[in-house]
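Novice: return atomic coordinates for the entry below.
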Amino acid sequence: MQRILSILLVMVFSGVTAQAEIYSCRDNQGQLHLTDNLQSLPAECLGRTRTVQEKDPDNLNYVPEQKVSSGSDADFQRTVSSAAHEQKQRKDWLESLSPRAEQLVTQHHQAVKLIHDEKRDWRYDSRKIIKQANEQKQQALEGKQQLLTEMAGQKISHKDKARIVSKLDEMKD
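Specialist: Numbers count the residues shown, from 1 in each chain. Next comes the predicted model:
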């Protein structure tokens with residue numbers, strides 16, 4: 001009885017192989033995809049799959065690489081080049097924000113100091129100098145508003161935005 005039971009157990013737990021079809025496909029970049037589930041293939045492979053034959057399960061079938069038209073390669077290169085250019089412009093713009101804010105704050109502080117000094121040391125031409133300093137101060141405040149408006153239309157990290165806004169807040173009316 002034990003002998004029959006052990007033979008039965010050996011048969012049950014021996015290498016039972018499931019029969020499943022395996023599909024292969026090369027995508028537009030030439031990469032080979034192998035799967036037993038058609039839904040896991042990239043969209044560009046749908047309709048171009050081949051079934052790996054069962055007669056030689058230990059060897060994979062070779063799917064020849066398909067020629068990609070040079071037009072699509074050129075389009076891809078243009079897209080990559082355009083994206084890289086846009087990314088560089090954005091990085092340059094972000095890097096320019098802090099120096100622009102510092103320049104506006106410096107301009108504002110200089111105008112305020114000049115107004116204060118001229119009022120203290122009143123001279124014949126002080127009115128003219130104060131008028132010019134007020135114009136300079138107003139230009140700095142308009143530059144601040146312009147910079148804040150420019151930043152509002154863009155995606156900027158909270159840390160960078162807070163740093164620039166705090167710098168601009170040093171300018172008081």
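
Novice: could I get the phi/psi values of the residue nearest the centre of the chain?
Specialist: Residue closest to the average C-alpha location in the chain (Cα atoms, centre = their mean): residue 87, at 8.1 Å. Here is the backbone geometry of residue 87 (degrees, to the nearest 10): phi -70, psi -40.

Novice: tell me the pLDDT at it?
Specialist: Model confidence at residue 87, given as pLDDT, is 89.

Novice: try residue 14
Specialist: pLDDT at residue 14 comes out at 56.

Novice: what of residue 101?
Specialist: 93.

Novice: OK, contacts around it?
Specialist: 144, 147, 164, 167, 168 (Cβ atoms under 8 Å, 6 or more residues apart in numbering). C-beta coordinates here come from the backbone N, C-alpha and C atoms, glycine included.

Novice: inside helices: which ones of those residues?
Specialist: Applying DSSP state H to these, the entries found in helices are 144, 147, 164, 167, 168.

Novice: so, low pLDDT: which residues of this structure?
Specialist: Flagging of the chain using pLDDT under 70 yields the residue ranges 1-20, 46, 49, 52-72, 173.

Novice: helices of that one, residue ranges please.
Specialist: Per DSSP H, the chain carries helices over the ranges 2-13, 70-120, 126-152, 158-168.

Novice: quick one: closest of those to residue 25.
Specialist: helix 70-120 (17.6 Å; Cβ to Cβ).

Novice: circling back to that earlier point, show me which of the ones in helices among the contacts of residue 101 are buried.
Specialist: 144, 147, 164, 167, 168 (16 or more other Cβ atoms under 10 Å).

Novice: would CSV of those residues with distance to residue 111 be doable?
Specialist: Formatted as CSV, those follow (distance: Cβ to Cβ, whole Å):
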residue, distance to residue 111
144, 13
147, 17
164, 20
167, 17
168, 15
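
Novice: let me know the closest of these to residue 91.
Specialist: residue 164 (15.4 Å).

Novice: hang on, isn't the closest one packed against residue 99?
Specialist: No - contact criterion Cβ atoms under 8 Å: residue 164 and residue 99 do not qualify, at 10.3 Å.

Novice: contacting residues around residue 51?
Specialist: 21, 22, 23, 24.

Novice: considering those residues, which possesses the most neighbours?
Specialist: The most crowded member of those, judged by other Cβ atoms under 10 Å, is residue 24 (19 neighbours).

Novice: pretty sure it sits against residue 34.
Specialist: Yes - using Cβ under 8 Å, residue 24 is in contact with residue 34, at 5.1 Å.

Novice: domain assignment for the chain?
Specialist: Per the record, the chain has its domains at 21-65, 93-168, by automatic domain parsing.

Novice: how about residue 33: what's its closest non-neighbour residue?
Specialist: In space, and not counting its chain neighbours, residue 33 is closest to residue 25: 5.1 Å by Cβ to Cβ, 6 or more residues apart in numbering.

Novice: good, we can wrap up now.
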